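**Q** no sequence for this one, just the structure:
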């Protein structure tokens, strides 16, 4: 990801994958991030989930998005999913993950993930 221009991209941590914090300066919705993610997808082993687990993961992500909209982030779009269940796009135009409204909604909706 760093070689594709996504500066400050973190190394994976043992057992918890890659965590991107709000203050990292990384915007997963940016065109540069999306392009880098597609170019690097082959290096990500992806989860080995059953079809039922994939369906549950998608339902939870959709429920989280709906909860975010109900709690003050009206432009929070439904996520799109890759073939192995990874969330490829989340957020939406004008969504600011650093805003107090977003932070409060995310805290309230965290159980929906």
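**A** Structure received. From a predicted model like this one, the values you see are computed outputs, not experimental measurements.
**Q** Going by C-alpha atoms from here, please, whenever you check contacts or count neighbours.
**A** Fine.
**Q** Tell me which residues of the strand or helix carrying residue 35 come out buried.
**A** Here residue 35, judged by DSSP states H and E, is contained in helix 31-40. For helix 31-40, burial by neighbour count (16 or more other Cα atoms under 10 Å) applies to 33-34, 36-37.
**Q** tell me which of the residues you listed is nearest to residue 100?
**A** Using Cα to Cα, the shortest approach to residue 100 within the buried residues of helix 31-40 belongs to residue 33, at 24.0 Å.
**Q** Show me what the helix or strand just after the helix holding residue 35 is packed up against.
**A** For helix 31-40, the succeeding helix or strand toward the C-terminus, using DSSP H and E, is helix 51-70. On a contact count with 3 or more Cα pairs under 8 Å, 6 or more residues apart in numbering; DSSP states H and E, helix 51-70 meets strand 77-81, helix 100-109.
**Q** I'd like the distance from the last one to the chain centre, please.
**A** Helix 100-109 has its average C-alpha position 15 Å from the chain's average C-alpha position, going by Cα atoms, centre = their mean, to the nearest Å.
**Q** do the shortest one as well
**A** Going by Cα atoms, centre = their mean, the spacing between the C-alpha centre of strand 77-81 and its chain's C-alpha centre is 9 Å.
**Q** Name every strand pairing with that strand and say which way it goes.
**A** Using DSSP bridges, strand 77-81 pairs in its sheet with strand 87-91 (antiparallel).
**Q** And the average pLDDT for the strand it pairs with is what?
**A** Averaged across strand 87-91, pLDDT comes to 69.
**Q** ditto for stretch 3-20
**A** What stretch 3-20 shows for mean pLDDT is 66.
**Q** if we can go back for a sec, turn the helices and strands packed on helix 51-70 into CSV, including distance to residue 57 and mean neighbour count.
**A** Output for those, formatted as CSV (distance: least, Cα to Cα, whole Å; neighbours: other Cα atoms under 10 Å):
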stretch, distance to residue 57, mean neighbour count
strand 77-81, 10, 17
helix 100-109, 15, 16
